[in-house]
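Colleague: Quick one, fold the following:
(2 chains)
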Amino acid sequence: MATDTTTDAPPEARVDIEAPPRRRKRGSWRATSGLLATPMIWLIVFFVAPVVMVGLYSVGALTLLRLDDYLSLEHWQFFLASDTYLGLFWKSVRMSLGVSITAVLLAYPVAYLLALIAGTRKYTLLLVIIVPFLTSYLLRVLAWRVILNPQGVFQSFLRSIDVLGPEQQLDWMYNSTFAIYLVLSYVWVPFVALPIFVSLESLDHHMLEASSDLGASRLRTFWTVTLPLSLPGVAAGFIFVFIPTIGEYVTPQLVGGPDGFMFGSAITSAFTAGLDWQFGSAMAMFLIFAVAVLLAVFGRFLNVRSVAE
Amino acid sequence: MGQFDSVLRNEQTRRRFLQSMAAVGGMGVLAACRKDVQSADPGGSSSAAIPPITQETGELRIHEWAGYEAKWLWRDYAKEGFPEPDFTFLTNTEGVIAKTAGGYYWDMTHPEIGYIQDYVDLGAIQPWDTSLIPNFSKLNPMLQETGQLNGEQYEIVLDWGYSGVIIRTDEVDPSINSYSYLFDDALEGHIAWFDTPWILSMAHVTLGLESDPLDATPEDLKAAKEYAIEKKKNLHSIWVDYTQMWDDVSQGNVWAAYSWPDTYVVLKEDVPVQYIKPKEGVFTWAEGLVLRSETENYHHAHAYADAWADVEVAQRLVTTWGYGHANVDLDLSQIDPDVVDVFGLDDIEGSLSSGIFDAYQPQRAEYNRAWDEVKAAPS
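Modeller: Okay, the predicted model is just below:
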């Protein structure tokens, strides 16, 4: 037999149900704090504290070896006065910009196809695009070495159809800047496609129909309606690529040849071969500042936040 | 700032400073993980405090190069019935020093002799008691001397080799016999360097500069750096993965490469190659086992080092991997005459003394930054 628990409940339980708003607020505050505590602790321990420690290393407040000097801005001064390291920073920025733009250009048609053309098969196709990325990042990059190198799949194929002579090889294809751009763009395309896909999928289709009803061609509808409304997704995708690739060093090292030395490589080199943690930390902190500034600029001009809305 | 500086130089107050910093913003969690190995006694534990082997756990933790965990390298240790060591793997010695400074624990690791000073400065290692290693008397004394610091044997030097040049004899004239192969304009597009500041030292000896190539004067270091930058245009690649370099030499993409002798051992049957020990003096490295100051497996560690020092291990190491071994009782008749010749195994001391031996580099940061400049320069 069902019982009315509200009316049959003991007095103290009724009091609880009818608790004044203030008490409910406190309970809600506790719940919010409880929920926030884990991510906050995670962020503090694994993000804020390490960044603070890197900052302390950069000025020598912490040191790796006891022979190091304590408290000095020498490494910051050396870095900021160095054409080599600042040059590497700008080289990485250029590479990152190039890769981000390429990835966006490649990802947009993919996202468009999935969101607006593929219909009911879109999630199956999305899965197909994502599947190769379930394998190791390193394996995918190494696979490109097999494809691009002079005796590799691509150039051997060109020789077999007599596009290349037996002794000819395409030097620009491997151990080159081209190879870095190609491999990094390949690696990041799905990460750019996803936010653009989300952005396109949430488009109000009535807007596209209205544009068509008003006589706009499909191309004009794309330029004046679809593209502007999907720009927040494009911006988010661009940032997803730009931020990680600016510190990238593994891929350039594996496929970039003698010119594959980037700002991220210099930071790694200082922390490893150089045992120069002060200098490496100064460069790492500079990169963090630079990325924060660039993020602020992107956030201001591209209104990335609207992607989430 | 000077006052603050002096406070931080004092270990006790510095630690207190670190503790108060750690209390801020959750840093305590990370700071607590940071074992202050820097305050340890560099002299290590005294033998009086060492318990007998029966009281040791025998659970050795060895931080090794990948491949060096192979059982045949410590076969005699295994035969004694000791527990199998727990191997973890390193990719470079600098990384191990950094991890060790951060509190990472191992009983033994395998650094090059140029880093012994760093480990001693950290207080991370203690001298070996060579009387507990029966095979020690069979190890080349000249090599063992390189494992000493302040008269103490901090490293049992076990394996060694050269950093010379492998050349394709169908493309390159072997009679030049010089590190100049690595910079030669005639080999444009077919040279491979290893990613190491030693390239600067090789440029240094190629230029015939007078100062110590591993501890050059600022002027000589600058000259070597500028020479390397000028010749960077001749490169095919700067390798980090030696198997890739083997492929490039084998396929004819690379005609001259910085390499260790194992490249020669691997390729000599299939490709026309020659291993060059340049006339300027070949750069020679050596490495071996160092013992953690706080090890609780002192006797087990000595037994393990003794197994590595055995002549059968030496024989197999030289034959199959193409690295040198410090044991002087090698049976040369069982080794490929080519390998004997390349290593100069019939006159090890003569071979070693004619080379430029690896050593502690006080200017490591300067060399590394100069090397960064070379790598950052356009080719």
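
Colleague: Flag every residue of the stretch 151-300 of chain B that's near chain A.
Modeller: B:Gly189, B:Thr196, B:Pro197, B:Lys232, B:Leu235, B:His236, B:Ser237, B:Ile238, B:Val240, B:Gln244, B:Gln251, B:Asn253 (CB under 8 Å from any CB of the partner chain). Where C-beta positions appear, they are placed from N, C-alpha and C, glycine not excepted.

Colleague: Quick one: neighbours of the first one, just the number.
Modeller: For B:Gly189, the neighbour count with other CB atoms under 10 Å in any protein chain shown is 14.

Colleague: show me what contacts the nearest residue to it once chain neighbours are set aside?
Modeller: Closest residue to B:Gly189 apart from its sequence neighbours, by CB to CB, 6 or more residues apart in numbering or on different chains: B:His236 at 5.7 Å. The contact partners of B:His236, by CB atoms under 8 Å, 6 or more residues apart in numbering or on different chains, come to A:Asn175, A:Gly257, A:Pro258, B:Gly189, B:His190, B:Ile191, B:Ala192, B:Asp248, B:Asn253, B:Val254.

Colleague: so the second one touches A:Tyr174, yeah?
Modeller: Just to be clear, that refers to A:Gly257. Yes - applying CB atoms under 8 Å, one finds A:Gly257 in contact with A:Tyr174, separated by 7.4 Å.

Colleague: Which one's more surrounded, the two?
Modeller: Neighbour count, other CB under 10 Å: between A:Gly257 and A:Tyr174, A:Tyr174 has more, with 25 against 22.

Colleague: Residue of chain A closest to chain B, please.
Modeller: A:Gly274 (3.4 Å; CB to the nearest CB).

Colleague: Kindly indicate whether that residue is helix, strand or coil.
Modeller: coil (DSSP: H, G, I helix; E, B strand; the rest coil).

Colleague: Just read off the phi/psi values of it.
Modeller: Dihedral angles of A:Gly274 (phi, psi; degrees, to the nearest 10) stand at phi -80, psi -20.

Colleague: coming back round to it: widest-spaced pair of the residues of the stretch 151-300 of chain B next to chain A?
Modeller: Farthest pair in those (CB to CB) is B:Pro197 and B:Gln251. Separation: 27.8 Å.

Colleague: Compare the two and say which is more crowded by neighbours.
Modeller: More crowded of B:Pro197 and B:Gln251, by other CB under 10 Å: B:Pro197, with 25 against 12.

Colleague: How much space separates A:Ala236 from A:Ser92?
Modeller: Distance of A:Ala236 to A:Ser92, given as CB to CB, to the nearest Å: 21 Å.

Colleague: now the residue nearest the centre of chain A: how far from A:Ala193?
Modeller: Centroid check for chain A by CA atoms, centre = their mean gives A:Phe240 as the closest residue, at 2.8 Å. Distance, A:Phe240 to A:Ala193, by CB to CB: 10 Å.

Colleague: now do B:Asn140
Modeller: Distance from B:Asn140 to A:Ala193, by CB to CB: 61 Å.

Colleague: And for B:Glu84, nearest residue in space, chain neighbours not counted?
Modeller: B:Ala78 (7.2 Å).

Colleague: so what does whichever strand or helix holds that neighbour touch, helix or strand wise?
Modeller: With secondary structure defined by DSSP states H and E, B:Ala78 is part of helix B:75-79. When contacts are defined as 3 or more CB pairs under 8 Å, 6 or more residues apart in numbering or on different chains; DSSP states H and E, helix B:75-79 sits against helix B:298-308.

Colleague: What is the subsequent helix or strand relative to the helix it packs on?
Modeller: Counting by DSSP H and E, what follows helix B:298-308 is helix B:311-316.

Colleague: Let me see the contact set for residue 264.
Modeller: I went with chain A, as the question did not name one. Contacts of A:Gly264 by CB under 8 Å, 6+ apart are A:Ser92, A:Ile246, A:Gly247, A:Glu248, A:Tyr249.

Colleague: oops, I was thinking of chain B
Modeller: With the criterion set at CB under 8 Å, 6+ apart, B:Tyr264 makes contact with B:Ile166, B:Val273, B:Gln274, B:Tyr275, B:Gly322, B:Asp338, B:Val342.

Colleague: How about the contacts made by the residue of chain A closest to chain B?
Modeller: A:Gly280, B:Glu94, B:Arg364, B:Ala365, B:Asn368, B:Arg369.

Colleague: Show me the shaky parts of the chain.
Modeller: In the absence of a named chain, this looks at chain A. Residue ranges of chain A with pLDDT under 70: A:1-26, A:66-69, A:301-309.

Colleague: actually chain B
Modeller: Flagging of chain B using pLDDT under 70 yields the residue ranges B:1-48.

Colleague: Counting neighbours, what do you get for the closest residue to chain A within it?
Modeller: Proximity of chain B to chain A (CB to the nearest CB) peaks at B:Asn368, 3.4 Å away. Number of residues near B:Asn368 (other CB under 10 Å) recorded here: 24.

Colleague: quick one: secondary structure of it?
Modeller: B:Asn368 is classified as helix under three-state DSSP.

Colleague: separation between it and B:Lys233?
Modeller: Using CB to CB, B:Asn368 is found at 22 Å from B:Lys233.

Colleague: Also A:Val183?
Modeller: Counting by CB to CB, the gap from A:Val183 to B:Lys233 is 24 Å.

Colleague: Have a look at those two and say which one is more surrounded.
Modeller: With neighbours defined as other CB under 10 Å, A:Val183 and B:Lys233 compare such that A:Val183 has more, 23 against 14.

Colleague: distance of that one from B:Lys99?
Modeller: When A:Val183 is compared with B:Lys99 (using CB to CB), they lie 30 Å apart.

Colleague: Repeat that for B:Gly151.
Modeller: 28 Å.

Colleague: picking that back up, quick one: which of the contacts of A:Gly264 is nearest B:Pro134?
Modeller: For those, the closest approach to B:Pro134 (CB to CB) belongs to A:Tyr249, at 46.6 Å.

Colleague: OK, contacts around the residue lying closest to B:Tyr115 once chain neighbours are set aside?
Modeller: Once flanking residues are discounted, B:Tyr115 sits nearest to B:Thr93: 4.9 Å by CB to CB, 6+ apart. The neighbours of B:Thr93, taking CB under 8 Å, 6+ apart as the test, are B:Pro111, B:Glu112, B:Tyr115.
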